[in-house]
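Participant: requesting a structural model of the entry that follows:
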Amino acid sequence: MLVYTNISENFIRLIIKGYVISIPGKFRNKIGPLDISRSLIDFGDTFLGTTKDEIVTIYNSTEDTIYVTPRNKFDNIELSVDPQLLEPGNSGEIKVKLSTSQSELGKSLISYDFEITNNEQIHKSKFSILYNVIEDFSTLTAEEIADPPILFTSFNKIDLGTIEPDKLTTKTIEIDNLGKRELVIHNIISSNGMYDIFPLKQKIESGGKGTFQLSIKPTTKRNNIASKLTIISNDPAKSVISFSIVGKVDMSEDVSSNIMINEIQINEAEKMIKSYKGKDELVILDVRTEDEYNSGCLEEALNIDFESSNFKKMITILDKQKTYLVYCRTGIRSKDAVELMSNMGFRKIYHMYEGIKGWKAQRLELVNPK
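Facilitator: Numbers count the residues shown, from 1 in each chain. So this is what the prediction gives:
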């Protein structure tokens with residue numbers, strides 16, 4: 001907050017610290033004019049061929065009758081709103097059932113589009129569902145366990161070197177099967193949506209070799225080529241393995257001086273936080289929901305929920321000249337937040353793309369914001 005008085009021409013910067021105390025029975029998240037207990041369902045790791053159910057509470061705190069209509073459908077998810085017509089002061093439920101029998105292995109984030117009508121006004125909002133489908137190896141026979149497929153790569157990271165903007169760059173990646181059974185690559189996923197991967201699935205015979213193409217065409221504005229590449233297979237010992245993709249885009253000096261967006265790993269983020277300790281130049285931005293934030297966050301992290309309707313409004317208050325370290329749970333929401341901040345004029349942004357999940361995996365410290 002900036003304060004101006006009539007005794008000086010200078011502004012005084014006033015910092016207000018504190019915590020928001022939630023009111024029992026009230027929700028801080030919204031979809032349109034409707035209060036909701038949470039705007040994201042995270043089913044976590046889910047075995048292939050199983051089902052899971054979740055319920056989210058909605059509440060009409062307005063003085064108008066609200067009608068709720070989901071507008072899209074997905075084959076592996078059943079979603080219903082009960083009741084669809086909510087009178088003022090009444091509660092309802094969004095019921096979600098996930099069935100993974102026909103799902104692809106790997107992580108997915110989907111968004112339901114809602115039309116919420118009150119007082120003849122139509123509000124369009126989104127409701128997100130996150131899940132990670134994994135294979136259940138407990139059903140393997142003793143023979144299959146004794147002679148499994150074995151996935152082998154000759155690298156522990158993929159280095160694209162220096163590449164030119166606005167030019168398609170393609171790299172061929174090799175995978176070997178050193179096992180005695182057929183290796184099935186179920187899916188290949190990049191945490192950076194700029195990459196195209198082909199093929200995503202393939203079968204590699206015993207002693208054989210498979211390849212896939214990794215392609216990217218960066219621009220001077222979209223120049224974050226760092227990513228995490230995840231390969232999902234039927235190798236029981238390495239069913240999910242991840243590699244870092246590194247490299248940089250060769251930009252002219254005048255462009256690179258204005259844009260500074262970096263995808264960084266957990267160890268780099270930890271070093272960065274330590275180097276800025278006690279300084280005011282770094283803002284650690286947690287874009288998860290309030291509930292996620294309260295369950296444990298990085299020390300001195302500021303929480304602005306990316307899924308909230310006022311995210312962009314809150315971001316405009318921040319100082320664009322400072323350096324920002326942005327994270328969420330798995331790097332999905334924070335990736336969108338970083339792109340939005342870049343378009344809004346923020347120039348020094350660091351994206352911890354492995355998220356708080358990667359931070360926990362390295363047994364690093366979290367604090368309770370309360």
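Participant: quick one: residues in contact with stretch 326-335.
Facilitator: By CB atoms under 8 Å, 6 or more residues apart in numbering, the surrounding residues in contact with stretch 326-335 are 42, 107, 109, 130, 191-193, 228, 269, 284-288, 292, 298, 306-307, 337-338, 341, 349-359. All C-beta spots, glycine's among them, are computed from the backbone N, C-alpha and C.
Participant: filter those to the buried ones?
Facilitator: Buried residues within those, defined by neighbour count using 16 or more other CB atoms under 10 Å: 42, 107, 130, 191-192, 228, 269, 284-288, 292, 298, 306-307, 337-338, 341, 349-356, 358-359.
Participant: okay, now the domains of the protein?
Facilitator: 29-134, 139-255, 259-370 (automatic domain parsing).
Participant: mean pLDDT added to those domains, as a markdown table?
Facilitator: What follows is these, written out as a markdown table (pLDDT from 0 to 100):
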| stretch | mean pLDDT |
| --- | --- |
| domain 29-134 | 90 |
| domain 139-255 | 90 |
| domain 259-370 | 89 |
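Participant: residue 350 is in contact with residue 322, correct?
Facilitator: No: using CB atoms under 8 Å, residue 322 is not in contact with residue 350, being 11.4 Å away.
Participant: for residue 122, see how far away residue 60 is.
Facilitator: 16 Å (CB to CB, to the nearest Å).
Participant: between the two, who's got more neighbours?
Facilitator: The neighbour comparison of residue 60 against residue 122 (other CB atoms under 10 Å) goes to residue 60, with 21 against 11.
Participant: who's in contact with the more buried one?
Facilitator: Going by CB under 8 Å, 6+ apart, residue 60 touches 34-35, 66, 86-92.
Participant: show me which of those is closest to residue 100.
Facilitator: residue 92 (26.6 Å; CB to CB).
Participant: look at the closest one and say how many residues are nearby.
Facilitator: 21.
Participant: for the residue positioned nearest the centre of the chain, give its distance to residue 192.
Facilitator: What sits nearest the mean C-alpha location of the chain, by CA atoms, centre = their mean, is residue 332, with 1.6 Å. Distance of residue 332 to residue 192, given as CB to CB: 11 Å.
Participant: now residue 111
Facilitator: For residue 111 relative to residue 192 (CB to CB), the value is 19 Å.
Participant: again, but for residue 220
Facilitator: From residue 220 across to residue 192, the span is 17 Å (CB to CB).
Participant: ok, now residue 142?
Facilitator: Computed with CB to CB, the distance linking residue 142 and residue 192 is 41 Å.
Participant: residue 125 too?
Facilitator: Counting by CB to CB, the gap from residue 125 to residue 192 is 27 Å.
Participant: how near is residue 261 to residue 111?
Facilitator: For residue 261, the distance to residue 111 - CB to CB - is 24 Å.
Participant: actually residue 339, not the one I wrote
Facilitator: According to CB to CB, residue 339 and residue 111 sit 16 Å apart.
Participant: looking at these two, which is more packed in?
Facilitator: residue 339 (17 against 14).
Participant: could you measure from residue 301 over to residue 324?
Facilitator: Taken as CB to CB, the span from residue 301 to residue 324 is 11 Å.
Participant: and if you look at residue 224?
Facilitator: Distance, residue 224 to residue 324, by CB to CB: 14 Å.
Participant: same question for residue 354.
Facilitator: 17 Å.
Participant: repeat for residue 136
Facilitator: Distance of residue 136 to residue 324, computed by CB to CB: 40 Å.
Participant: more neighbours, these two?
Facilitator: residue 324 (23 against 10).
Participant: show me how far the helix or strand harbouring the more buried one is from its chain's centre.
Facilitator: Under the criterion of DSSP states H and E, residue 324 resides in strand 323-327. Offset of strand 323-327 from its chain centre (CA atoms, centre = their mean, to the nearest Å): 14 Å.
Participant: within the sheet, what are the partner strands of it, with directions?
Facilitator: strand 282-286 (parallel), strand 348-352 (parallel) (DSSP bridges).
Participant: so what touches the first one?
Facilitator: Spelled out, it's strand 282-286. Contacts with strand 282-286, where a contact means CB under 8 Å, 6+ apart, come from 272-273, 276, 293, 297-304, 318-319, 322-328, 337, 356.
Participant: pull the distance from whatever helix or strand comes next after that strand to the chain's centre.
Facilitator: Toward the C-terminus, strand 282-286 is succeeded by helix 290-294 as the next helix or strand (DSSP H and E). The chain centre lies 15 Å from the centre of helix 290-294; the measure is CA atoms, centre = their mean.
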